[in-house]
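J.: Build me a structure from this.
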Amino acid sequence: MELIDQSKLAFFIAFILPGFICMRVYTLLCPTQSIEFNQKILDALTYSCLIYGFNFIFIYWIEELTKVYSFPFLYGLFYFYLLFLCPILLANYWHKIRESKWFQKRAPHPTLLPWDFVFSKRTVCWVIVTLNDGTKIHGRYGKNSFVSNYPLEPQIYLDEFWKPDVDGGFDRKYNLSAGIILLSKDIRSIEFYEDEDQVK
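T.: Residues are numbered from 1 along each chain as shown. Take a look at the predicted model:
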């Protein structure tokens, strides 16, 4: 029974763990829809096989060298890279590829919602939020502002809440204002305006 448990553990570490790490890192970079557990296991196994495929030459080279030389530290260091570092690098590299203009011409953008796409740029700008009742909220999406990401309900925190002028522009920040939080269910639309101080 102990041998079976050790075999299962070795299988998990070798064929599930690298793919699972890769998936988790990619999800942190680009939130995706939740999938069933069985599908996660299958995806993790697929990613692990891809990782081994990309590193096949190095694995073969290391294993051949160990037949002649003994270097346990470098051997362990290589498999630490293979099991932990390589999945992280692969997830980052795959995310960069999916965001490239070349790839977007041939496949969907990795970001699912325009909300996440716009705010992921973290660009300082002025915003006018129109609520469902027609009320307009003027504010500044600054460095201390924050928005929620998919799959959470979209919410936005503007670190500056401004009073509009007679022309519908931005007059001045409300005295002692520490910002405002808006819920997506109350928002009809959001207008964005460039911050001249941030435009180069």
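
J.: Show residues contacting the helix ranked longest in the chain.
T.: Ranked by residue count under DSSP state H, the longest helix found in the chain is helix 37-54. Contact with helix 37-54 is made by 14-20, 22-23, 35, 59, 82, 86-87, 90, as judged by CB atoms under 8 Å, 6 or more residues apart in numbering. From N, CA and C alone the C-beta is placed, and that goes for glycine too.

J.: Please identify which pair of those lies farthest apart.
T.: Comparing all pairs in the contacts of helix 37-54 by CB to CB, the longest separation belongs to I35 and I59, at 28.9 Å.

J.: which one of the two has more residues nearby?
T.: Of the pair I35 and I59, I59 is the one with more neighbours under other CB atoms under 10 Å, namely 15 against 11.

J.: my guess is the more buried one is in a strand, correct?
T.: No - the assignment for I59 (DSSP: H, G, I helix; E, B strand; the rest coil) gives helix, which keeps it out of a strand.

J.: quick one, what contacts it?
T.: I59 is in contact with Y52, L82, counting by CB under 8 Å, 6+ apart.

J.: what separates it from A91, distance-wise?
T.: Between I59 and A91 the distance is 20 Å, computed by CB to CB, to the nearest Å.

J.: still on that earlier bit, out of the contacts of helix 37-54, which are inside helices?
T.: Reading helices off the contacts of helix 37-54 with DSSP H, I get L17, P18, G19, F20, C22, M23, I59, C86, P87, L90.

J.: What count of nearby residues applies to H138?
T.: Other residues within reach of H138 by the criterion other CB under 10 Å amount to 23.

J.: so what's the closest residue to it other than its chain neighbours bridging to?
T.: Take H138 and drop its neighbours on the chain: the residue closest to it by CB to CB, 6 or more residues apart in numbering is W162, 4.4 Å away. Each beta-bridge partner of W162 is listed here: H138, K173, as defined by DSSP bridges.

J.: If I look at W162, what pLDDT would I see?
T.: Looking at W162, its pLDDT stands at 93.

J.: Equivalent analysis for L3, please.
T.: pLDDT, L3: 48.

J.: ok, the contacts of helix 37-54 vs I128, which is closest?
T.: Of all the contacts of helix 37-54, I128 sits closest to I35, with 37.7 Å by CB to CB.

J.: tell me the domain boundaries of the chain?
T.: Domain assignment for the chain, taken from automatic domain parsing, gives 2-104, 114-194.

J.: least reliable of the ones you listed going by mean pLDDT?
T.: Going by mean pLDDT, the lowest-scoring of those is domain 2-104, which has a mean of 84.

J.: Measure how far it is from the centre of its chain, please.
T.: Domain 2-104 has its C-alpha centroid displaced from the chain centroid by 18 Å (CA atoms, centre = their mean, to the nearest Å).

J.: before we move on, back to that, which of the ones in helices among the contacts of helix 37-54 are buried?
T.: The neighbour-count test (16 or more other CB atoms under 10 Å) marks L17, P18, G19, F20, C22, M23, C86, P87, L90 as buried among these.

J.: CSV for those residues, including distance to V166?
T.: Output for those, formatted as CSV (distance: CB to CB, whole Å):
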residue, distance to V166
L17, 62
P18, 61
G19, 59
F20, 58
C22, 55
M23, 53
C86, 60
P87, 57
L90, 55
